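J.: Prediction below, plus the sequence it came from.
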Amino acid sequence: MSAIIPETFQTGDFVAWLRQFECCANANNWDAAAKLRNLPAFLRGPAAAYFHSLADAQKDTYAHLVKFLRDRLCPVVDCERLYAEFESRHLRPNEDPSLFLWALEDILSKADPYLSDAAKQALLGRQFLRGLPNEIKLRLLEHDPTPKLTSMVEFVQRFHAVHGTAYESRAINHAFTTRDAVDSPQDSLRASVVELTAAVAALTANQKSSSQKSLQVPPQPPKPTRNQGRTAQRWQNVESW
């Protein structure tokens with residue numbers, strides 16, 4: 001059986017291309033060493049030039065290679081644009097909520113691929129709730145004041161199954177970029193409870209992880225990342241709601 005070959009990459013959406021490469025690698029049963037050997041063969045133009053400019057230590061493992069390629073081929077300005085897109089994304093008329101969640105995950109992974117799982121889940125939960133039409137959001141919060149992300153998706157799917165598209169004419173006009181533009185005081189309070197609960201759970205998990213690590217190894221100076229400032233600011237926003 002012949003190998004499944006990904007398209008070549010020169011410029012554009014490197015994260016999306018990398019997902020395609022990973023799918024092909026899985027289909028071909030490539031391990032990390034094979035992916036390290038094969039990935040450079042599919043780079044063209046500026047992407048190939050940057051690969052050849054990397055030091056040996058920056059491409060000695062597949063994880064290192066992907067990290068440095070992402071840092072260079074996903075500029076900071078693109079990350080800011082993607083975060084803005086993430087924060088303005090809402091459920092579209094006739095859109096399946098699972099696809100809505102997938103779109104949020106896709107945008108967020110491109111905006112900051114180094115987010116911890118806890119921070120990612122908190123941000124996804126907040127934006128999924130914010131992105132729902134008010135009618136669905138209110139019924140969801142009445143059903144469960146502190147829903148988890150999976151239960152939110154399931155509730156919206158059930159709502160679609162029961163009510164069909166009867167609410168769509170109102171949903172078309174609900175597009176927004178900030179929560180204050182559409183939320184009632186009651187809705188805002190309930191949404192804040194959901195977001196605060198998610199933030200506390202995430203912070204608790206991070207603190208436990210940090211405590212365990214501190215018992216095993218001496219504390220090391222924090223190593224800043226290029227997205228650390230933006231992520232910290234957004235994390236503070238989650239905590240303050």
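T.: Happy to help now that I have it. Numbers count the residues shown, from 1 in each chain.
J.: tally of neighbours for residue 102?
T.: 11 (other C-beta atoms under 10 Å). In short, each C-beta sits where N, CA and C put it, glycine included.
J.: tell me the average confidence for the strand or helix carrying it?
T.: If you go by DSSP states H and E, residue 102 is part of helix 97-111. What helix 97-111 shows for mean pLDDT is 90.
J.: hmm, who's touching it?
T.: Helix 97-111 has contacts (C-beta atoms under 8 Å, 6 or more residues apart in numbering) with 13, 15-16, 74, 78-79, 82-83, 85-86, 89, 91-92, 115, 120, 123-124, 127-128, 131, 149, 152-153, 156-157, 160, 227.
J.: Of those, just the buried ones, PyMOL syntax please.
T.: A single PyMOL command selects the buried members of those (16 or more other C-beta atoms under 10 Å):
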select buried, resi 15+74+79+82+83+86+89+91+115+120+123+124+127+128+131+149+152+153+156+160+227
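J.: could you dump the helix holding residue 102 to CSV, C-alpha only?
T.: Output of helix 97-111 as CSV, limited to C-alpha atoms (Å, rounded to 0.1, in the frame of the first residue of the first chain):
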residue,chain,number,x,y,z
PRO,A,97,-23.2,23.0,18.2
SER,A,98,-20.5,20.4,18.0
LEU,A,99,-19.2,22.1,14.8
PHE,A,100,-19.4,25.4,16.6
LEU,A,101,-17.2,24.0,19.4
TRP,A,102,-14.8,22.5,16.9
ALA,A,103,-14.5,25.9,15.2
LEU,A,104,-13.7,27.5,18.6
GLU,A,105,-11.1,24.9,19.3
ASP,A,106,-9.5,25.3,15.9
ILE,A,107,-9.2,29.1,16.2
LEU,A,108,-7.9,28.9,19.8
SER,A,109,-5.3,26.2,18.9
LYS,A,110,-4.0,28.5,16.2
ALA,A,111,-4.0,31.6,18.4
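J.: Now do the domain split for this structure, please.
T.: The record's domain split for the chain, according to automatic domain parsing, is 14-73, 77-240.
J.: which one of those has the lowest average pLDDT?
T.: Among these, domain 77-240 has the lowest mean pLDDT, at a mean of 73.
J.: May I have the residues that are in contact with residue 35?
T.: Applying C-beta under 8 Å, 6+ apart to residue 35 gives the contacts 21-22, 25, 62.
J.: Roughly how far does it sit from residue 67?
T.: 13 Å (C-beta to C-beta, to the nearest Å).
J.: Quick check: closest non-adjacent residue to residue 83.
T.: With C-beta to C-beta, 6 or more residues apart in numbering as the criterion, residue 83 has its nearest non-adjacent residue at 4.7 Å, and that residue is residue 111.
J.: And for residue 5?
T.: That would be residue 24: by C-beta to C-beta, 6+ apart, it lies 6.5 Å from residue 5.
J.: count of residues packed around the one you found?
T.: 18.
J.: and if you look at residue 163?
T.: By other C-beta under 10 Å, the residues close to residue 163 number 13.
J.: show me the residues around the nearest residue to residue 132 once chain neighbours are set aside that make contact.
T.: Excluding the flanking residues, the one nearest residue 132 by C-beta to C-beta, 6+ apart is residue 91, at 5.5 Å. When contacts are counted by C-beta under 8 Å, 6+ apart, residue 91 touches 97, 100, 131-133, 136, 156, 171.
J.: okay if I get those as CSV plus secondary structure?
T.: CSV is the format used below for the contacts of residue 91 (DSSP: H, G, I helix; E, B strand; the rest coil):
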residue, secondary structure
97, helix
100, helix
131, coil
132, coil
133, coil
136, helix
156, helix
171, helix
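J.: Narrow those residues to just the buried residues.
T.: 97, 100, 131-133, 136, 156, 171.
J.: Return the member of the residues you listed nearest to residue 47.
T.: Nearest to residue 47 among the buried ones among the contacts of residue 91 is residue 100, at 31.0 Å by C-beta to C-beta.
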